[in-house]
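Chemist: Give me coordinates for this.
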Amino acid sequence: MSYSSTTVSSSPIEGQKPGTSGLRKAVKVYLQKNYTENFVQSLLEGGLSKIEGSSLVIGGDGRYYEKEATLLIIKMCAANEVSKVIVAQNGLMSTPSVSCVIRKYKTNGGIILTASHNPGGPDADFGIKFNTENGGPAPENVAFIIILQF
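Modeler: Here you go, the predicted structure:
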């Protein structure tokens, strides 16, 4: 199977700025046109020192919209020439497990799909977090660079 990449022009989306632990919003917000794509592209451009040739871990807690978001992120990684993506079966991987895999396989970071303690479901919350190459949450300076991508 082969894919071709497409460049989609976009502009900043109101309220789409990560907090200390990523971006948590209602599922319905993430389902808006280009909302998830905008944020993921900002994570790739701001969270990685170099996208091309990098490696990432993707995992989440199994909440609503995770499967769709995981597939979308994999496609975006391919379009951005990320060399390697590690994804657990069905995308299920706890936050501590993502951190462990980042460190064990020395990847450039990881994308975690969770809204943590917030409720899940189609009428509840979804979240996307970025952990750096040390396995920990993006520190303030990295979060600031991600914000600058908007």
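Chemist: quick one, what contacts the nearest residue to residue 43 once chain neighbours are set aside?
Modeler: Closest residue to residue 43 apart from its sequence neighbours, by Cβ to Cβ, 6 or more residues apart in numbering: residue 130 at 4.9 Å. In this view, the C-beta of every residue, glycine as well, is placed from N, C-alpha and C. If you count contacts by Cβ atoms under 8 Å, 6 or more residues apart in numbering, residue 130 has them with 18, 22, 43, 47, 109-112, 137-138, 142, 146.
Chemist: Can you tell me the SS state at residue 112?
Modeler: Under DSSP: H, G, I helix; E, B strand; the rest coil, residue 112 falls in the strand class.
Chemist: What sits closest to it if chain neighbours are left out?
Modeler: In space, residue 112 is closest to residue 129, 4.3 Å off (Cβ to Cβ, 6+ apart).
Chemist: about what we covered before: now rank the contacts of residue 130 by neighbours and give me the top one.
Modeler: Within the contacts of residue 130, most neighbours by other Cβ atoms under 10 Å means residue 110, with 28 neighbours.
Chemist: how near is the most centrally placed residue in the chain to residue 32?
Modeler: The chain has residue 111 as the residue nearest its centroid, 3.9 Å off, counting by Cα atoms, centre = their mean. Residue 111 is 19 Å from residue 32, where distance means Cβ to Cβ, to the nearest Å.
Chemist: Likewise for residue 62?
Modeler: For residue 62 relative to residue 32 (Cβ to Cβ), the value is 22 Å.
Chemist: Check residue 108 too.
Modeler: In terms of Cβ to Cβ, residue 108 sits 28 Å off from residue 32.
Chemist: out of those two, which sits in the busier spot?
Modeler: residue 108 (20 against 12).
Chemist: what's the pLDDT at that one?
Modeler: Note for residue 108: predicted pLDDT of 94.
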